[in-house]
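In: Generate a structure from the sequence data that follows.
(chains A and B)
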Amino acid sequence: EAGVAQSPRYKIIEKRQSVAFWCNPISGHATLYWYQQILGQGPKLLIQFQNNGVVDDSQLPKDRFSAERLKGVDSTLKIQPAKLEDSAVYLCASSLSVGRYNEQFFGPGTRLTVL
Amino acid sequence: AQSVTQPDIHITVSEGASLELRCNYSYGATPYLFWYVQSPGQGLQLLLKYFSGDTLVQGIKGFEAEFKRSQSSFNLRKPSVHWSDAAEYFCAVGANNAGNMLTFGGGTRLMVKP
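Out: Next up is the predicted model:
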């Protein structure tokens, strides 16, 4: 079974530029998550989708971050404009459904460096 | 709101020695607790989880963890560490609601000496 795919794996941009990350969850997984992991810290949930609807985006900085999952499968996370403090690894995860009994499977992440 | 503290940022153990990684949580209801491992350049992998029942849970790769409600702890243990266990370990608590939100600790980086 293929795992969660993310691209690109690495991205370097200058501050005030825009960037987008892509995630393809495990086939059949209805729930998709985006986490931000700053160096030396644990992952922090940014947004959670159930199919193409948002379940939780309370920690998403909506003035610069946006995410969509239009067809309920792939998802894109965008930052516009980027700030230095956005340098982090962005992890995508998926699970069969919402609910605590559904294990989250993580992708390898996209490492973003903002100069 | 829930929170997780992992007091040890770095731990170094010799190969073959026993290991214990500490995790303390804060949560107002029955916690759902997890341990994940992250190897360099890879995503997080679930080692084990606690939902209810037996407070000693077994996981993959020979790891186990014990839930102690009185101490608000969920420490991870392994009797004999292998060099391949070198990685970063994260403890997480799950929200007791319809969603599946995880709150992670800051992680403990494990180094293994030959």
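In: residues in contact with the residue positioned nearest the centre of chain A?
Out: By Cα atoms, centre = their mean, the mean C-alpha position of chain A lies nearest to residue A:34, the distance being 2.8 Å. When contacts are counted by Cβ atoms under 8 Å, 6 or more residues apart in numbering or on different chains, residue A:34 is found next to A:23, A:45, A:46, A:47, A:48, A:67, A:75, A:77, A:90, A:91, A:92. C-beta: built from backbone N, CA, C; applies to glycine.
In: out of these, which touch chain B?
Out: The residues of those that also fall near chain B, by Cβ under 8 Å from any Cβ of the partner chain, are A:45, A:48, A:91.
In: Can you check the pLDDT for the last one?
Out: On the pLDDT scale, residue A:91 is placed at 96.
In: Can you classify it by secondary structure?
Out: strand (DSSP: H, G, I helix; E, B strand; the rest coil).
In: how close does it sit to residue A:107?
Out: Note on residue A:91: its distance to residue A:107, by Cβ to Cβ, to the nearest Å, is 6 Å.
In: Residues in contact with both of those two, list them for me.
Out: Common neighbours of residue A:91 and residue A:107 (criterion: Cβ under 8 Å, 6+ apart): A:6, B:43.
In: what about the strands in chain B?
Out: Counting by DSSP state E, chain B has strands at residues B:3-5, B:10-14, B:19-21, B:24-26, B:32-38, B:44-50, B:56-58, B:64-68, B:73-78, B:87-94, B:102-104, B:108-113.
In: residues near residue 105, how many?
Out: Unless you meant another one, I'm taking chain A. Around residue A:105 there are 21 other residues, counting by other Cβ atoms under 10 Å in any protein chain shown.
In: Wait, chain B was what I had in mind.
Out: Neighbour count for residue B:105, taken as other Cβ under 10 Å: 25.
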